[in-house]
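Colleague: Give me a model of this one.
(2 chains)
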Protein chains: 2
Amino acid sequence: MQRMASLCGSSKMAAFNTSDYKLSEGTGSAQYDDVLPYKLDGEQKTKEFLMKVVEILLDFVKQTNDRNEKILDFHHPEDMIKQLDLRIPEEPLTLQQLIHDCATTLKYQVKTGHPHFFNQLSCGLDLISMAGEWLTATANTNMFTYEIAPVFILMENVVMTHMREIIGKNWRKGDSILAPGGSISNLYAFLAARHKMFPNYKEKGIATIQGQLVMFTSDQSHYSVKSCASVCGLGTDNCVMVPSDENGRMIPTELERLIMERKTRGHIPFFVCCTSGTTVLGAFDPINAIADICKKYGMWLHVDAAWGGGLLLSRKYRHPRLTGIERADSVTWNPHKLMGALLQCSTIHFKEDGLLMSCNQMSADYLFMQDKLYDIRYDTGDKVIQCGRHNDIFKLWLQWRGKGDDGFEKHMDRLMELSEYMVKRIKEQPDKFYLIMEPEMVNVSFWYIPKRLRNVPHSAQREQELGKMCPVLKARMMQEGTLMVGYQPDDRRPNFFRNIISSAAVTQEDVDFLLNEMDRLGNDL
Amino acid sequence: MQRMASLCGSSKMAAFNTSDYKLSEGTGSAQYDDVLPYKLDGEQKTKEFLMKVVEILLDFVKQTNDRNEKILDFHHPEDMIKQLDLRIPEEPLTLQQLIHDCATTLKYQVKTGHPHFFNQLSCGLDLISMAGEWLTATANTNMFTYEIAPVFILMENVVMTHMREIIGKNWRKGDSILAPGGSISNLYAFLAARHKMFPNYKEKGIATIQGQLVMFTSDQSHYSVKSCASVCGLGTDNCVMVPSDENGRMIPTELERLIMERKTRGHIPFFVCCTSGTTVLGAFDPINAIADICKKYGMWLHVDAAWGGGLLLSRKYRHPRLTGIERADSVTWNPHKLMGALLQCSTIHFKEDGLLMSCNQMSADYLFMQDKLYDIRYDTGDKVIQCGRHNDIFKLWLQWRGKGDDGFEKHMDRLMELSEYMVKRIKEQPDKFYLIMEPEMVNVSFWYIPKRLRNVPHSAQREQELGKMCPVLKARMMQEGTLMVGYQPDDRRPNFFRNIISSAAVTQEDVDFLLNEMDRLGNDL
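Modeller: As a prediction, the model looks like this:
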């Protein structure tokens, strides 16, 4: 694979030497009041300023894609603050200073799109999606009414319908919305479920129900599910954590046992969250078995596929992981994860139309008038607990136009194949790496084994030792700036590494680099 | 004032003739897979594509600032969908098609930054903030940890501390967070209040309390306050709407009466929302009087200054409107409104530090490990009910650096003076305009009077007639595309116009244009 060093020069971070970004004399010394819209003859200065910002951004993009560049230039917070001038001044600063500020900010920012950044569920910098986000910023509108976001509202309809059709054929006439992150998407599911089953709750609150509402989710699920119980008044004690098997999948018989236990206490089980792609292990709860239980007890089935949802686009990997998803009542699916849309882009889908509106509608007269010029069914603002809603659709729409369904399918297959390659490479080096389980997704869980532990039989004692090393090795990665991989403990084991391949930039060579670099940095630990 | 027509050519919308935006032959026919990061030798094509998008955006900016350009090209949804090709294809489209898509999208988008767009609380297109948002997109990171957003996290600390100091000297050691819109900011205030007063609620829920929780807000407040009652399980019946006076300000004696009434019923009043800048009338509830009542009854005082908060930056206009705000427990303040930051940028501030964390913390092991390389007090993710959080700080920080406190003060004074000018011009034309009240802010509420109603004495009957005209006149504005002003009814009167001056682009000439244009479009109604 061709390296890009030649495009970037040899010195690291050179592009963010502030002196490289000079505005012309007249513009550099100019200030805010000298540009549009403050001064109409400021068009030229405005353009020069914006083009200089774009130059910085393009250099950052170039560096992000350059494997010879560091991912980050780490400093502790107390040191970092000394590198930066972050203060808010009384007097305006010049445009040249703002240009300097932009370059400095990016100089110290972590390059989450670097091919050696494997640290979060959202890795990568998709440049078509980025172009979409630039346009979104410039359009600077709000998604609450057709009146001020006509094209974007129609786009949202088209893309959301397409996503629902991918979830299931019987979903076409459902409803969807984009929300600020998967946690809020899950909250929308919870609210719709409560409203559907207890329609007086909206006005009367808890007083309308005789008995304690209870929800269920696996002990591996995202913490936002439990957070719903706190926010919405159930209390986290009434979000029951269902045990998972050794691969991190909810155990359906345990779910049923716990439902019965709560029923015996006079509680009202009403909501089950089934996770498709858990955060740490990438596990898929068995949807069909859980759907059977929900049906038996008349409970709402929510599938949190924030992470795993992207695999719906792959004929090869969709099944058996997401088999049965069409039986759910609601589905969270974050395009900003596997699909690589820029942050943020999260969607929540409902099989039944009208619930979002009846659940969340507050009928503000000033915004959702009934006597408007156009068909007000296109206004979306009254469906959500937000008022203003950021335009998160354009970047996804543009990306999807550019890739087509086929392109996204190839992208998913490629991420999965790279993960399989990583597993293969780990297995080929059993002295250096310990694979914790066969992954179902792009989460690869493993320990790195330093020299001194290579000839020690694997035991709980060795796991403790390996676990203690994770933060040390991670610190070395960050200080060197060459690699970022996440680690965490879970209920069954101490710290272990969780590698994520969700970036389109990653190649097999990058996977090899990752394993070699861990060994280089950690073999003496 | 110099017009910009010469820069734009004479034909309207000409810049969004697709044929103006041509990629070179090799790039135009290229696809997604031919650009970075898919193909490392795709750097040139990537750059050409991105620069073409920037060209489109700069043309849009130019048109937005051109008073000879229309604000919008209105089409009903069913017609609009025929103008557009929004479908998601199976096969990838070319880069040239994506460029065409960008141009077409902006061609039909409403120019919310146009000097004749007076329609929402957020008007204008601040170009420094826009540059900030472009950078934010390119940095593409998440605000939950210092690990992946070091500079942005420190920036957030600096700007939030500065904002708290502006709220009150005793606020410095408090806590703040950026949230996706004022509604979610208000929700954070509600949650913190409930947690502070009933710390077991988080785990035990409603079962921990003997009695019904009740909250209070004025009948003019934003609907998101009532929505908290629905979301969090109180039920909207337990969000008491306190009557306001004829200027839209909460009546403190009514607040106290309603608190007593609920206490008599054994309820637990715990939360009062005081609005600083109501959505429709721009009214300011009397903070000191309300704070006295909150103190007397041991209730949490939240000030929703999402809209009016910007006036804290003006020595001239801060008092008496926001006098006493330092007595609040929490304050919502949206820089994306009066301060002109791009959408979205909303902040919530607390006088007491630590509440956000203890209230919302779920302690996810995988993200907020205790054994990290750096001081984990800088991680913010566990303070919020979101997990991922969009970076909304950079655009505000860059803007504030460029303006300084002084620049923002001038901006606020200018918006208020322009509103005063508008009121003066309305009063000078009593035959054509009816001023509903002296505004406290940039919301100017009025009726336009067509010829046939000019010699009719003002009465409830005439108000009904004037109200019926609002949607018709608004429809004409949108169809002509020359002007956008909002209208709505309220509890006391039928439809009336609410004009907002929150854009830095507006001049006295634009105010004159607005009034003349309404007369041109509406005199025969």
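Colleague: tell me the secondary structure for A:Tyr434?
Modeller: strand (DSSP: H, G, I helix; E, B strand; the rest coil).
Colleague: tell me the contacts of A:Asn170?
Modeller: With contacts taken as CB atoms under 8 Å, 6 or more residues apart in numbering or on different chains, A:Asn170 has the following neighbours: A:326, A:351. Any C-beta I mention is one placed from the backbone N, CA and C, and that applies to glycine too.
Colleague: Briefly note if the longest strand seen in chain A comes near chain B.
Modeller: Assignment by DSSP state E gives strand A:268-275 as the longest strand of chain A. No - taking CB under 8 Å from any CB of the partner chain as the criterion, strand A:268-275 and chain B are apart, separated by no less than 12.7 Å.
Colleague: Next, the angle from the following helix or strand past that strand to strand A:268-275.
Modeller: Sequence-wise, the next helix or strand beyond strand A:268-275 is helix A:287-297, with elements assigned using DSSP states H and E. Angle between the axes of helix A:287-297 and strand A:268-275 is 170 degrees (criterion: axes from the mean of the first three to the mean of the last three CA atoms, to 10 degrees).
Colleague: Just the buried residues of helix A:287-297, please?
Modeller: A:287, A:289-294 (16 or more other CB atoms under 10 Å in any protein chain shown).
Colleague: that older thread, what strands flank the longest strand of chain A, and is each parallel or antiparallel?
Modeller: In its sheet, strand A:268-275 lies beside strand A:213-218 (parallel), strand A:300-304 (parallel), with partners assigned from DSSP bridges.
Colleague: Tell me which of the ones you listed is the most buried.
Modeller: Ranked by mean neighbour count under mean count of other CB atoms under 10 Å in any protein chain shown, the strands paired with strand A:268-275 are led by strand A:300-304, which reaches a mean of 28.
Colleague: Check which helices and strands the very next helix or strand once past it sits against.
Modeller: Under the assignment DSSP H and E, the closest C-terminal helix or strand after strand A:300-304 is helix A:315-318. Using 3 or more CB pairs under 8 Å, 6 or more residues apart in numbering or on different chains; DSSP states H and E, the elements in contact with helix A:315-318 are helix A:394-427.
Colleague: could you check whether the helix it packs on is close to chain B?
Modeller: Yes - in this structure, helix A:394-427 sits against chain B according to CB under 8 Å from any CB; the contacting residues are A:394, A:397-398, A:400-407.
Colleague: burial of A:Thr275, as a residue count?
Modeller: Close neighbours of A:Thr275, defined as other CB atoms under 10 Å in any protein chain shown, add up to 29.
Colleague: quick one: pLDDT of it?
Modeller: For A:Thr275, the model assigns a pLDDT of 98.
Colleague: likewise A:Thr208?
Modeller: Per-residue confidence (pLDDT) for A:Thr208: 83.
Colleague: check contacts around it.
Modeller: Going by CB under 8 Å, 6+ apart, A:Thr208 touches A:198, A:200-201, B:235.
Colleague: Show me just the buried residues among the residues you listed.
Modeller: When the contacts of A:Thr208 are checked against 16+ other CB under 10 Å, the ones flagged as buried are A:198, A:201, B:235.
Colleague: Would you reformat the residues you listed as CSV and include secondary structure, pLDDT and distance to A:Arg389?
Modeller: Conversion of these to CSV gives the following (DSSP: H, G, I helix; E, B strand; the rest coil; pLDDT from 0 to 100; distance: CB to CB, whole Å):
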residue, secondary structure, pLDDT, distance to A:Arg389
A:Phe198, coil, 95, 26
A:Tyr201, helix, 93, 24
B:Gly235, coil, 96, 25
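Colleague: which one of those is nearest B:Gly182?
Modeller: B:Gly235 (22.1 Å; CB to CB).
Colleague: thinking again about what came up before, tabulate the contacts of A:Thr208 in CSV, adding columns for distance to B:Glu463.
Modeller: Compiled in CSV, these are given as follows (distance: CB to CB, whole Å):
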residue, distance to B:Glu463
A:Phe198, 41
A:Asn200, 37
A:Tyr201, 38
B:Gly235, 34
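Colleague: Out of those, give me the two with the largest separation.
Modeller: Pairwise distances across those (CB to CB) peak at 10.6 Å, for the pair A:Phe198 and B:Gly235.
Colleague: Please determine how far A:Lys316 is located from A:Val35.
Modeller: To A:Val35, A:Lys316 is 52 Å away according to CB to CB, to the nearest Å.
Colleague: Between those two, tell me which one has more neighbours.
Modeller: In this view A:Lys316 and A:Val35 are compared by other CB under 10 Å, and A:Val35 has more residues nearby, 25 against 11.
Colleague: Counting neighbours, what do you get for A:Gln370?
Modeller: Under the neighbour criterion other CB under 10 Å, A:Gln370 is assigned a count of 9.
Colleague: Could you count how many residues lie near the closest residue to it other than its chain neighbours?
Modeller: Nearest in space to A:Gln370, with sequence neighbours left out and distances taken as CB to CB, 6 or more residues apart in numbering or on different chains, is A:Ile376 at 6.7 Å. Here the neighbour count serves as a burial measure; for A:Ile376 (other CB under 10 Å) it reads 16.
Colleague: show me the contacts for A:Ile376.
Modeller: Neighbour list for A:Ile376: A:146, A:368-370 [criterion: CB under 8 Å, 6+ apart].
Colleague: so what's the spatially most central residue of chain A up against?
Modeller: Residue closest to the average C-alpha location in chain A (CA atoms, centre = their mean): A:Lys337, at 4.4 Å. A:Lys337 makes contact with A:121-122, A:306-307, A:309-310, A:502 under the criterion CB under 8 Å, 6+ apart.
Colleague: what about the stretch 251-400 of chain A, any weak spots by pLDDT?
Modeller: In the predicted model of the stretch 251-400 of chain A, no residue satisfies pLDDT under 70.
Colleague: Compute the first-to-last residue distance for stretch A:370-390.
Modeller: Taking CA to CA, to the nearest Å, stretch A:370-390 runs 23 Å from one end to the other.
Colleague: what are the bridge partners for A:Ile348, then?
Modeller: Following DSSP bridges, A:Ile348 is listed with bridge partners A:Ile177, A:Thr332.
Colleague: Identify the residue spatially nearest to A:Trp115, adjacent ones excluded.
Modeller: One thing to correct before we go on: residue A:115 is Pro, not Trp. Here the nearest residue to A:Pro115 in space, its sequence neighbours aside, is A:Ala505; by CB to CB, 6+ apart that works out to 4.2 Å.
Colleague: re earlier: okay, among the buried residues of helix A:287-297, which ones form the most distant pair?
Modeller: Spatial extent of the buried residues of helix A:287-297 (CB to CB) is set by the pair A:Ile287 and A:Ile293 at 10.9 Å.
Colleague: can you give me the strands for the stretch 51-200 of chain A?
Modeller: Residue ranges of the strands in the stretch 51-200 of chain A, as given by DSSP state E, counting those that start in this stretch, are A:117-118, A:175-179.
Colleague: What count of nearby residues applies to the closest residue to A:Leu135 other than its chain neighbours?
Modeller: Distances taken as CB to CB, 6+ apart put B:Cys102 closest to A:Leu135, at 5.6 Å, once the chain neighbours are dropped. In terms of burial, B:Cys102 registers 26 neighbours under the definition other CB under 10 Å.
Colleague: any chance of the residues of helix A:394-427 next to chain B in CSV, plus neighbour count and distance to A:Glu78?
Modeller: Compiled in CSV, the residues of helix A:394-427 next to chain B are given as follows (neighbours: other CB atoms under 10 Å in any protein chain shown; distance: CB to CB, whole Å):
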residue, neighbour count, distance to A:Glu78
A:Phe394, 27, 39
A:Trp397, 24, 43
A:Leu398, 26, 41
A:Trp400, 26, 44
A:Arg401, 25, 46
A:Gly402, 26, 43
A:Lys403, 27, 43
A:Gly404, 18, 49
A:Asp405, 16, 49
A:Asp406, 13, 50
A:Gly407, 23, 45
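Colleague: how about these, which pair is most distant?
Modeller: Of all pairs drawn from the residues of helix A:394-427 next to chain B, the greatest distance, 21.4 Å, lies between A:Phe394 and A:Asp406 (CB to CB).
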